[in-house]
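Colleague: Everything below, folded, please.
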Amino acid sequence: MEPEIIHIPELALMLGRSESAIRSARQAGAAWLPPSFMQGSRVCWRVSTVRQFLQECESGLHAPRRPGRKRQTPPTLTTG
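Modeller: Presented below is the predicted three-dimensional model:
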């Protein structure tokens with residue numbers, strides 16, 4: 001029977017990342033990490049939430065923003 005709630009080691013296996021990468025990303029607030037909750041002093045994830053998050057990422061809902069400066073509208077040419 002699969003557990004309903006997982007912790008950092010299990011999430012690391014699901015995402016193919018190291019445990020330290022998960023911990024660092026959580027502290028940095030990385031967008032590629034599914035939403036978590038606290039159970040006492042432990043960080044937890046629901047397996048169903050992680051799977052849904054991965055499906056949303058696959059469809060492009062959690063795509064990271066591209067860095068760069070904002071575009072300015074070009075000036076219009078006036079002939080007179």
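
Colleague: Just say helix, strand or coil for P3.
Modeller: At P3, secondary structure determined by DSSP: H, G, I helix; E, B strand; the rest coil is coil.

Colleague: Return the distance of it relative to T79.
Modeller: As judged by C-beta to C-beta, to the nearest Å, P3 and T79 stand 71 Å apart. All C-beta spots, glycine's among them, are computed from the backbone N, C-alpha and C.

Colleague: per-residue pLDDT, the most centrally placed residue in the chain?
Modeller: With the centre of the chain defined as its mean C-alpha position, the nearest residue by C-alpha atoms, centre = their mean is W32, 2.2 Å away. Per-residue pLDDT puts W32 at 87.

Colleague: Neighbour count: P3 and T79, which is higher?
Modeller: Taking other C-beta atoms under 10 Å, P3 and T79 do not tie; P3 has more neighbours (9 against 3).

Colleague: what's the closest non-adjacent residue to that one?
Modeller: Leaving aside its sequence neighbours, P3 sits nearest to V47 (C-beta to C-beta, 6 or more residues apart in numbering; 7.0 Å).

Colleague: Any idea how many residues pack against the one you found?
Modeller: By the criterion of other C-beta under 10 Å, V47 has 15 neighbours.

Colleague: what does the one 3 residues further on give?
Modeller: One way to gauge burial is a neighbour count; for V50, by other C-beta under 10 Å, it gives 19.

Colleague: So which elements touch the helix or strand it falls within?
Modeller: Using DSSP states H and E, the element containing V50 is helix 47-58. For helix 47-58, the elements it packs on are strand 5-6, judged by 3 or more C-beta pairs under 8 Å, 6 or more residues apart in numbering; DSSP states H and E.

Colleague: repeat that with 6 Å
Modeller: With contacts defined as 3 or more C-beta pairs under 6 Å, 6 or more residues apart in numbering; DSSP states H and E, helix 47-58 has no helix or strand neighbours.

Colleague: I appreciate the help and will end here.
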